[in-house]
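Undergrad: got a structure for you, letters missing:
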């Protein structure tokens, strides 16, 4: 991903959301990162599966909302394990 950001899937979020662990330098805003992720993933899905656009409300894949949490000095592996463990609760 451009701008020095890194993203990796952490755990399935269920049928209506996803969980990602992202790291970005301070000059990359969270809203810009989310916009890029949603736009790029929607484009890839629509290119591979054009029939999806017909089945979705107004042709939009993603809801405009999102939820973000921040972490301090924890390693990415610790955060990923914590997110994954929430799935089993």
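TA: Yep, that arrived. Since the structure is predicted, the reported quantities are computational estimates derived from the model, not experimental observations.
Undergrad: name the residues of the longest helix seen in the chain that are buried.
TA: If you go by DSSP state H, the chain has its longest helix at helix 30-48. Within helix 30-48, the residues scored as buried using 16 or more other CB atoms under 10 Å are 33, 34, 36, 37, 38, 42. Where you see a C-beta, it was placed from the backbone N, CA and C, and this is true even at glycine.
Undergrad: can you give me the helices in the protein?
TA: Counting by DSSP H, the helices of the chain are 30-48, 51-55, 76-87.
Undergrad: helices or strands up against the longest one?
TA: Read it as helix 30-48. strand 18-23, helix 51-55 (3 or more CB pairs under 8 Å, 6 or more residues apart in numbering; DSSP states H and E).
Undergrad: how much space between the residue most central in space within the chain and residue 30?
TA: By CA atoms, centre = their mean, the mean C-alpha position of the chain lies nearest to residue 20, the distance being 4.8 Å. According to CB to CB, to the nearest Å, residue 20 stands 12 Å off from residue 30.
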